[in-house]
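> Prediction below, plus the sequence it came from.
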Amino acid sequence: MKTLEVKKPSGYTSQFGPAHPAFKEPVMFTLELEGERILKADFAPGQAHRGIEWMGMRRNCLQVVFLAERICGLCGITHALSFCRAVEQIAQIQPSNRAHYIRTIIAELERIHSHLLWAGVEAHQLGFDSAFYLALKVRENVLDLLEALTGSRVHYSVIQIGGVRRDITPEQCADIEKSLQFYDETYEKLVSIFLEDTSIKMRCRDTGVLTPELALKLCPVGPTARASGIRKDVRVDHPYAAYADLDIHPILPDEYTGEIRGDVYDRIVVRILELKQSIGIIRECIAKMPEEGDLLAIPKLGVLLAKLKAADGEAVGRHEAPRGEVMHYVRLTAGEEAPTAWKVKASSYSNYMAWIPMLEGDQIADIPVIVASIDPCISCTDRVAMVRGDHTELLTKDDLHRLSVERMRRIQAELSAG
Amino acid sequence: MNLNPLLLTVGGTLAMAAFGLFAGLSAMAVDRILAARMQARIGPPFRQPFLDMAKLMTKQNIIPANAVPWLFNGAPLVALAASISILLYLPMASFQFLPILNVYGDLVLIMYLLLLPALAMVIGGLSSGSPYATIGAQREMVTMIAYELPLAATVVAFAWKLSHAGLADPFSLATMAQTPIWSLVGPMGDIGVGLLLISMLMVVPGELGRIPFDAPEAETELAGGLLVEYSGRNLALFLLSLAVKTIVVGALIIALFFPYNLSGMVAIGNGLAARLADVGFFFVKLFVILFFSLSLVRISVARFRINQVVDVYWKIVGAISLIGLVLIMADSIIR
Amino acid sequence: MNILTPQELADVMKEAAGDGFQSARCTEWAEGVKGLTSKQVWVNLSRESLRPAIQRLIDIHYPHVAVIAFADTGEQVDLIYHLYIYYGIPHEEVLITLTVSLDKTDLKIPTITDLIPGALTSEREKQEMLGIEVVGIPDGRRLFLPEDFPEGVYPWRKDESGIPSDMIKELWATGREGLPTCATCEAPPLAPASQGEPS
């Protein structure tokens, strides 16, 4: 008599992404699921690569500053700042202290705007749309302020090698103070919604846990690391810009909750508390800003380019982006305008590996919540080679190109006829 | 003539269908505008859901290659037909000829019919051939199992009370509409009925797939869940069935808990003015119930995970409804 | 914790690398009114002494691997390991950079993921972008490049194994007369606008 072998049902593999409402940028997750539980997770980034490092190694350093800023929309200034700091160290160009303070103020304003956007996105992933609308509405204030200071809401283009391109006048300092007062008032509301709401706690407590041991070994950065108890903050560890003159400490979740669990809720705590810290830092910078100082160490671009062409050496420039440490490695060779080597390390690059232990063991419903909790900036991370080869996928791109050429013809025809 | 009642029934069915669709879409519009205002937004114009349905009807109906075509196309039709058919068994306002199919169905039938639209969505989801839809369908089945408990407890409580009070046809909705339950119970029973009302209000978002119980359709997790592969006319039919179900659930709660009519309380007579006043009052009651159970809840909390949905419905809402049932029974025994 | 100065750290690295040690230098850079300096130690060593050096660093303070940078210097490919220690102690963090130069004829390097698992992303990226073989890597799949990217093309190399010119699409070239036609579509050249004749 044959006995029937009963096979234990194994998990099924499901793919989330690259295009999915849960992810604000394309990234592909392949998950082995058993019902609603995630057994194993694997991700494939690279869906948004654009070839920026390759492009940067074929352009001069001034062009690279603008290219670097466009690596990411949310943390654009961090890339420009890190690159400029690296080049300044190689060419031994020291910006004035006033420029350092202006850089710090703009960087902290960017942190406020990025954390508010992140809070809204996290609430949306949780299904809590009211908090999403509130966070984005509140964020409009800092975006208007940044537009008044720098001229744009996203890519500020104020950082240049040797200093900053725009000044902050005393009238603008008064506007900044008004904005900071608005954020002081809304801070309590944000705390009560994000940190004290029961449904958010139900979803986020003990979800997506990253233990301190793994946080040490996988080398994440920023709030992801700090929420698991690792005291890593570039602004504190590494004296640069105006941070060296300020007295700040890395924010860990036990300041608010009394314990460190490394879950999604702890990451929310760290980011909301950092909002308050940023408000304090901006106030301190405005108060302590030196009144005298050139905005740019070498104002004439021709002179600057010549100096950079003669520069030789290698250096590392870093900044604490809202997501963690951003690091640019630059190597310049005398006589060449383009950098010999340029390696960008975005904060999400380091945080990627933390996704795997966080996702395993949790439910599908938690995927968007966990993925958003490390505040991924896929655009920052996918910067590698330009991929335009002759393979079948490109047929559609050829069609697009042909349409583009035809449109160009129509425009030219109109121009010549009109 | 034998045709006359049949013609009246058919005509009444069509009229109820039209009413259900129109009122359902209007309820959706009111919900969206109120939710938007509460979130410091402006919200859409009132005719937005109507425009959306009209637009969906003109869009291409895509059937995925992996789907089972007859199930995929049949499920929305079944859902809409089931939703409309429940309307035929519900009393509304003070119209004597409602429910249309009065003698043919009662509360137990309504409970079963309420399952049909959800089942049709499950079958539609499972026949879509998409892993997201499969997960969504599984979640919908679990949610249905979860909210049946408080629903059943309510039905049992009402029927028990009415039969204990000696009324014939305790399950019939017309009976319940004529003898409101509040008039049959004492103070302890009042608390019991109040608890049953609370539990029914919490069942409403689950039935209609709204936050916090919209795990089957979680947009950010499952890209639309059950309905992910539906488009065009099929999607319009599903959304219309949900709109009609909104009216159904609202009218059911009114019939069970608030069957009072203005003409019975205020002296307006029995003519056209009374009818209009009753209809207006019916809409006011409907609006209040849907506001508190749908709009207010939807904007105030986050979405629950599916295991939390089951926990909430079985442990919390189930407990509330069972306590309500026990209180009603105790009240009747003591009196 | 006993915090070592950069020079002491350079000496520790020299001792750990042994025969593989090639050179070391310490640099500083100050910013801000107070003039506090940030410290860097740059060490060049051979591929065999990489792992002992990192092990020695782990004994001092578990390092944070930032990234493995690269440089294509013609005959050789440099792999530049950026490690940070003493984070968490205000203003005391030290960047330790270990540069390993590999000949292009022998592009192999041992993995460090068993010592520091967080370096996996960087090692996978170097494999696909530079054509380096990381010996003992637990997961050698491509990371950022798509699966159908041609084998043997390494985007960051500046020699013949870099991106060939037929893989580059110049967006400004729309087939105008006198300018190169687009490589991937056969659009004939447009007449220049000044002639007033649409083609």
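It's in.
> count of residues packed around residue 119?
Going with chain A. A:A119 has 25 neighbouring residues, counting by other CB atoms under 10 Å in any protein chain shown. All C-beta atoms are positioned from the backbone trio N, CA, C, and that covers glycine.
> that's the other chain; I wanted chain C
C:A119: 28 surrounding residues under other CB under 10 Å.
> For it, which three-state class applies?
Under the three-state scheme (DSSP: H, G, I helix; E, B strand; the rest coil), C:A119 adopts helix.
> so where does the closest residue to it other than its chain neighbours fall, helix or strand?
Leaving aside its chain neighbours, C:A119 sits nearest to C:V65 (4.6 Å; criterion: CB to CB, 6 or more residues apart in numbering or on different chains). Assigned by DSSP states H and E, C:V65 falls within strand C:64-72.
> Repeat that for A:S179.
Using DSSP H and E, A:S179 sits within helix A:170-194.
> before we move on, the earlier item: what pairs with the strand holding C:V65, and is each one parallel or antiparallel?
Strand C:64-72 has the following strand partners under DSSP bridges: strand C:76-85 (antiparallel).
> what comes up buried for the strand it pairs with?
Neighbour-count burial for strand C:76-85 flags C:77-85 (criterion: 16 or more other CB atoms under 10 Å in any protein chain shown).
> Whichever helix or strand comes after it relative to strand C:76-85, how many degrees between them?
Counting by DSSP H and E, the next helix or strand C-terminal to strand C:76-85 is strand C:94-103. Computed by axes from the mean of the first three to the mean of the last three CA atoms, to 10 degrees, the angle separating strand C:94-103 from strand C:76-85 equals 160 degrees.
> What helices and strands are in contact with strand C:94-103?
Counting by 3 or more CB pairs under 8 Å, 6 or more residues apart in numbering or on different chains; DSSP states H and E, the packing neighbours recorded for strand C:94-103 are helix C:6-17, strand C:37-45, helix C:50-60, strand C:76-85, strand C:108-110.
> 7 Å instead, please
helix C:6-17, strand C:37-45, helix C:50-60, strand C:76-85 (3 or more CB pairs under 7 Å, 6 or more residues apart in numbering or on different chains; DSSP states H and E).
> Checking B:L77 next. Helix, strand or coil?
Assigned by three-state DSSP, the conformation of B:L77 is helix.
> Just to check, it is in contact with B:L237?
Yes. Between B:L77 and B:L237 there is a contact under CB atoms under 7 Å: 6.3 Å.
> These two: who's more crowded?
Using other CB under 10 Å as the criterion, B:L77 and B:L237 rank with B:L237 on top: 24 against 14.
> roughly how far is the helix or strand harbouring that one from the heart of the chain?
Assigned by DSSP H and E, B:L237 belongs to helix B:232-257. Its chain's C-alpha centre and that of helix B:232-257 lie 6 Å apart, by CA atoms, centre = their mean, to the nearest Å.
> I'd like the helices and strands packed on strand C:94-103 as TSV, with distance to B:S263 appended.
What follows is those, written out as TSV (distance: least, CB to CB, whole Å):
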stretch	distance to B:S263
helix C:6-17	92
strand C:37-45	84
helix C:50-60	85
strand C:76-85	80
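> Mean pLDDT added to the ones you listed, as CSV?
Converted to CSV, the helices and strands packed on strand C:94-103 look like this (pLDDT from 0 to 100):
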stretch, mean pLDDT
helix C:6-17, 90
strand C:37-45, 91
helix C:50-60, 91
strand C:76-85, 92
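> sorry, back to before: so which residues make contact with the strand holding C:V65?
With contacts defined as CB atoms under 7 Å, 6 or more residues apart in numbering or on different chains, strand C:64-72 is touched by A:219, A:232, A:325, A:327, A:329, A:331, A:340-341, A:343, A:345, A:349, C:77-84, C:87, C:116, C:118-119, C:122-123, C:126, C:130, C:156-158.
> Quick one: low-confidence residue ranges for chain C.
In the predicted model, chain C carries pLDDT under 70 at residues C:171-199.
> repeat for the stretch 1-150 of chain B
Counting by pLDDT under 70, the stretch 1-150 of chain B shows low-confidence ranges at B:1-3, B:102.
> Around chain A, pick out the residues from it.
B:39-41, B:131, B:135 (CB under 7 Å from any CB of the partner chain).
> out of those, which is most surrounded?
Across the residues of the stretch 1-150 of chain B next to chain A, neighbour numbers were computed from other CB under 10 Å; B:I135 holds the maximum, 26 neighbours.
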